[in-house]
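Peer 1: pasting the sequence and the predicted coordinates here, then a few questions.
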Amino acid sequence: MVEPVSLAATAVLLLSPYLVKAGEAFSEKAGEALADRTGTLYRAIKSKFANDSYAEQTLLRLEEAPDSKGRQTALENLLAEKMEEDGTFAEQIRQLIEAAKAVDTRNVIAYGERSVAAGGDISNTNINTGDINKSGDR
């Protein structure tokens, strides 16, 4: 099974552009299928966080500033904690991420320890190793 930390990082990676573009505009840019899957992921997380004021506030803070690395990290940490406590929730998030990846024709997403993904022209692209992102010509 993929570690909750990796799943949480991937979930936030998918959610951030969705929150920046406020769902509807995101679907125009990313495609209807990816927007639908990302919306489902968002609703699953929001539902899990219901009745937990700290978790709700953490998600709300990311909604207010989805490009904030600090807020992304806060949600990643909290989401990983929730998945470590609830294996069923972790599996649900894993399945939702897989569903989103399956319809995402724009990006390649790597998650998991030491995973690697490359999209576009490898000589001028982003390289995501699953733990560290580097951009630039290689």
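Peer 2: In hand now; what should we look at?

Peer 1: count of neighbours near Ala100?
Peer 2: Using other Cβ atoms under 10 Å, Ala100 has 26 other residues around it. For every residue, glycine as well, the C-beta is placed using N, CA and C.

Peer 1: I figured it hits Leu14, correct?
Peer 2: Yes. With contacts counted by Cβ atoms under 8 Å, Ala100 reaches Leu14, the gap being 5.5 Å.

Peer 1: output the below-cut-off pLDDT ranges for the chain.
Peer 2: Scanning the chain for pLDDT under 70 picks out 1-2, 21-32, 104-138.

Peer 1: just the strands in this protein please.
Peer 2: Ranges of strands within the chain are 117-118, 124-128, 133-137, based on DSSP state E.

Peer 1: ok, Glu64 - contacts?
Peer 2: Neighbouring residues of Glu64 by Cβ atoms under 8 Å, 6 or more residues apart in numbering: Arg71.

Peer 1: can we see that at 10 Å?
Peer 2: 19, 71 (Cβ atoms under 10 Å, 6 or more residues apart in numbering).

Peer 1: what of Thr58?
Peer 2: When contacts are counted by Cβ under 10 Å, 6+ apart, Thr58 touches 49, 52, 71, 74-79.

Peer 1: now these in a markdown table, please, with extra columns for neighbour count and distance to Pro4.
Peer 2: What follows is the contacts of Thr58, written out as a markdown table (neighbours: other Cβ atoms under 10 Å; distance: Cβ to Cβ, whole Å):
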| residue | neighbour count | distance to Pro4 |
| --- | --- | --- |
| Phe49 | 20 | 15 |
| Asp52 | 13 | 17 |
| Arg71 | 20 | 19 |
| Ala74 | 17 | 15 |
| Leu75 | 26 | 13 |
| Glu76 | 22 | 10 |
| Asn77 | 15 | 10 |
| Leu78 | 20 | 11 |
| Leu79 | 27 | 8 |
